[in-house]
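> Here is a sequence with its predicted model. Questions after.
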Amino acid sequence: MTKKPSRTSNVVQPLIPGLTFRKFRGERDIHAMVVCENACWKADLIDLVMTDAEMARELKSPINMDPSEDIVIAEVDGEYAGHSMVNWQGKPDGRRSYFLYSFVSGVWRGKGLRELLVRRTEERLMEIAGKHPKEAPKSFETYANAEPNDWRMVVEREGYRPRWHLFEMVRPNLDGIPDLRLPEGVEVRPVLPEHYRPIWDAMKEALRDDRSFSEDTYSDAAFERQKISPIFRPELWRIAWAGENVVGGVHNFVNEEENREFGRKWGHTERIFVASGWRKMGIASALIAESLRVLKDIGMEQATLDVDTENPSGALRLYRSLGYEEKMHFSFYSKPLG
């Protein structure tokens with residue numbers, strides 16, 4: 001007689017003898033999770049690197065996530081096999097986005113475990129969503145490299161569809177940086193600790209029309225959390241002021257772990273913003289050009305940034321004009337809850 005798949009809640013389990021699930025047990029789980037995540041990022045064509053220390057920091061001060069409830073560990077015969085984790089965000093238009101990603105050790109990839117973790121994670125997100133306002137539109141969300149890879153196949157099989165797209169852009173060298181000037185009355189000043197909050201608030205207001213914007217990612221907790229990150233490098237930022245007002249900025253940083261892993265010298269020119277009323281005056285282009293010089297001066301050889309392919313401000317055209325080229329294409333997927 002053929003054995004039928006067992007069922008836990010509404011989730012059909014693949015036939016993996018010895019498969020069990022449990023909750024996160026704290027620091028003792030972190031190393032195995034990090035090893036698995038890094039292997040999955042590589043297989044999924046996503047150039048990220050996680051460290052034990054960084055994961056510990058993130059789980060110590062999570063945003064819209066309870067590690068003890070929102071991480072699921074999969075084991076086979078008592079040995080770690082994979083995990084999933086979730087969080088959620090409220091959007092300015094009232095929508096709620098419930099984000100998930102599952103990671104599975106290579107030996108178990110392609111055997112249905114990753115799909116099962118997605119379904120179990122969706123159930124957890126349904127529980128969370130049930131505590132939120134019923135009238136709010138809700139969707140599951142994740143992202144994947146647009147090139148063929150395991151994670152993209154998993155999410156598409158599970159009914160997710162691409163909703164918007166992002167390019168990772170790279171300036172292949174730091175030569176020929178244009179000499180661009182800020183408008184009269186606007187200047188760049190060294191960033192001091194007392195400037196952190198005004199810069200944060202100005203950036204938050206300027207990026208409200210960004211598709212990825214959420215109040216949750218600009219909360220007081222998020223503000224404090226950024227300051228303990230190893231990529232928090234305010235001495236590299238280029239912030240434009242007009243009198244006492246922040247009117248634009250670029251949050252430059254270097255991710256040393258990623259550079260070591262991938263054998264490169266990349267600097268990031270990210271969180272580019274210009275305040276409403278100061279746009280179309282050349283502030284962003286001048287700040288980016290200055291940022292490229294900053295990165296070159298500290299020994300970087302290339303610069304990178306991410307951009308929404310349909311950014312309404314014309315950012316893609318601007319970045320191309322400054323020498324950036326599309327390197328990777330990512331799709332952001334969604335699926336309605338229920």
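Now that the structure is in, tell me what you want to look at. Numbering: from 1, shown residues only.
> Break down the protein into its helices, ranges please.
27-43, 52-60, 67-70, 113-129, 150-157, 196-206, 220-226, 256-262, 283-297, 315-321 (DSSP state H).
> Export the shortest one to CSV, keeping only CA atoms.
As requested, C-alpha coordinates have been extracted for helix 67-70 and formatted as CSV (Å, rounded to 0.1, in the frame of the first residue of the first chain):
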residue,chain,number,x,y,z
PRO,A,67,11.9,35.1,16.9
SER,A,68,10.5,32.7,19.5
GLU,A,69,7.3,32.4,17.4
ASP,A,70,8.2,33.5,13.9
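> for the spatially closest residue to Tyr101 that is not a sequence neighbour, which residues make a bridge with it?
Spatial nearest neighbour of Tyr101, excluding adjacent residues (CB to CB, 6 or more residues apart in numbering): Thr142 at 5.7 Å. For the C-beta atoms, the positions are set from N, CA and C on the backbone; glycine is no exception. Taking DSSP bridges as the rule, Thr142 bridges to Tyr333.
> okay but Thr142 is in contact with Tyr160, surely?
Yes: assessed by CB atoms under 8 Å, Thr142 is found in contact with Tyr160 at 6.5 Å.
> what residues do these two have in common as contacts?
Tyr333 (CB atoms under 8 Å, 6 or more residues apart in numbering).
> any idea how far the nearest residue to Met85 once chain neighbours are set aside lies from Arg22?
Counting by CB to CB, 6+ apart, Met85 lies nearest to Ile71, which is 4.7 Å off, once chain neighbours are set aside. From Ile71 over to Arg22 the distance is 10 Å, taken as CB to CB, to the nearest Å.
> Between the two, point out the one with more neighbours.
Legend: neighbour count by other CB atoms under 10 Å for Ile71 and Arg22, higher for Ile71 (22 against 12).
> which ones are touching the more buried one?
Lys23, Phe24, Asp29, His83, Ser84, Met85.
> which two in the residues you listed are spaced the farthest apart?
Asp29 and Ser84 (12.7 Å; CB to CB).
> what residue ranges in the chain score low on pLDDT?
When residues are selected by pLDDT under 70, those of the chain lie in 1-14, 338.
> Kindly recompute the last result at 50.
Where the chain drops to pLDDT under 50, the residues are 1-12.
> mind giving me the domain split of it?
Residue ranges for each domain of the chain read 7-167, 173-322, as given by automatic domain parsing.
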